[in-house]
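Participant: any chance you can model this:
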Amino acid sequence: MDVNNITNVASAYSLQTRFSKGEAVDGREAPPNAPGPGDKPKGPSFDETAVVYERSAGDYPGAVKPEGVLPEDAAKYPGMVDKTATDEEDAAAAAGVLASESTEEAEEAAETEVDRSELVRQLQNEAEARAQKIIDMVRETLGMQVDHSKSIGELLGEAVDKAGGVENEEASAVEDSDDDYWGSEQTARRIVDFAIALSGGDTNYADQLLEAFKKGYSDAESSLGGNLPQVCKNTYDKVVSYFDDWKNGTYMSGTDA
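Facilitator: Next comes the predicted model:
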């Protein structure tokens, strides 16, 4: 309790004592319930003392009227704040804060959901773009491989005519040489190397890109007559095998092989 409050309590007690002696204080008569002359002085009631202690017209900001103080007693002390009203205002203010916080949390959650949806959409677009690049590359590559195979076949046809016959195995060996840029070995590694570059080396994209390769192969097969030469089929098998090596960490790129 600070000095001002002690002074207030002491003043109230002194006022009550003087009233008990029948004295008029500052022109104010003793209240009807004050003790008369000769009666034992009676100190201020607990509630009255509490009112003085809690009172603040400026020296004690935030003072409140204690619960249980009669209205006529509280009226003696202007500037008091009704505690019940204060509690209700505090509750309303607290409810407002909670409502505001709840609104802010809801807005933040909505923004987070929007950000998450945008990220998912962006990742899907990137995945589709990578897959389409593989599909386009495979279509073009197999088309070039088929054209090259036809050229080899024509040359082999001429050789067959001159030699009087060539075994199919020998023709396939000439058509699909590892030293040939359009042979299955080099073509398969170019396709896998391209897929790895698109993924940034992340094997999490391996299965997705392999499916894109298969889609590109199927499209090329349909557009090129439905029966691709053996070199293309060999390329398909090697690409599938090299994708497995990539996921297992044992793949060597075309430049290192």
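Participant: count the residues that sit near Lys247.
Facilitator: Number of residues near Lys247 (other CB atoms under 10 Å) recorded here: 14. The C-beta positions use only the backbone N, C-alpha and C, and glycine is treated the same way.
Participant: what residues are up against it?
Facilitator: By CB atoms under 8 Å, 6 or more residues apart in numbering, Lys247 lies in contact with Thr203, Ala206.
Participant: and the pLDDT for it?
Facilitator: According to the prediction, Lys247 has pLDDT 96.
Participant: distance of it from Ala220?
Facilitator: Per CB to CB, to the nearest Å, Lys247 is found 24 Å from Ala220.
Participant: and Met252, by the same measure?
Facilitator: Plainly put, Met252 is 26 Å away from Ala220 if you go by CB to CB.
Participant: more neighbours, the two?
Facilitator: Ala220 (20 against 11).
Participant: where does that one sit, in terms of helix or strand?
Facilitator: Assigned by DSSP states H and E, Ala220 falls within helix 206-223.
Participant: which helix or strand lies directly C-terminal to that helix?
Facilitator: Following helix 206-223 in sequence order, the next helix or strand is helix 230-248 (DSSP H and E).
Participant: and that following helix with helix 206-223, angle?
Facilitator: 170 degrees (axes from the mean of the first three to the mean of the last three CA atoms, to 10 degrees).
Participant: extract the C-alpha set from helix 230-248 and format it as CSV.
Facilitator: Extracted in CSV, the C-alpha atoms of helix 230-248 (Å, rounded to 0.1, in the frame of the first residue of the first chain):
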residue,chain,number,x,y,z
GLN,A,230,15.1,-54.1,-83.9
VAL,A,231,17.5,-51.3,-83.1
CYS,A,232,14.6,-49.3,-81.6
LYS,A,233,13.5,-52.3,-79.5
ASN,A,234,17.0,-52.8,-78.3
THR,A,235,17.1,-49.1,-77.3
TYR,A,236,13.9,-49.5,-75.3
ASP,A,237,15.3,-52.4,-73.3
LYS,A,238,18.6,-50.5,-72.6
VAL,A,239,16.8,-47.3,-71.5
VAL,A,240,14.7,-49.3,-69.0
SER,A,241,17.9,-51.0,-67.7
TYR,A,242,19.8,-47.7,-67.4
PHE,A,243,17.0,-46.1,-65.5
ASP,A,244,17.3,-48.9,-62.9
ASP,A,245,21.0,-48.3,-62.7
TRP,A,246,20.4,-44.6,-62.2
LYS,A,247,18.1,-45.3,-59.3
ASN,A,248,20.6,-47.8,-57.8
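Participant: just the helices in this protein please.
Facilitator: Here the chain has its helices, by DSSP state H, at 3-20, 46-54, 71-74, 83-163, 168-175, 184-199, 206-223, 230-248.
Participant: which of those has the lowest mean pLDDT?
Facilitator: Ranked by mean pLDDT, the helices of the chain bottom out at helix 46-54, with a mean of 47.
Participant: roughly how far does Phe194 sit from Ile152?
Facilitator: Using CB to CB, Phe194 is found at 24 Å from Ile152.
Participant: can you check Ile196 too?
Facilitator: Plainly put, Ile196 is 29 Å away from Ile152 if you go by CB to CB.
Participant: and the closest residue in space to Ala131 that isn't next to it in sequence, how far from Thr235?
Facilitator: Spatial nearest neighbour of Ala131, excluding adjacent residues (CB to CB, 6 or more residues apart in numbering): Ala212 at 3.9 Å. Distance, Ala212 to Thr235, by CB to CB: 15 Å.
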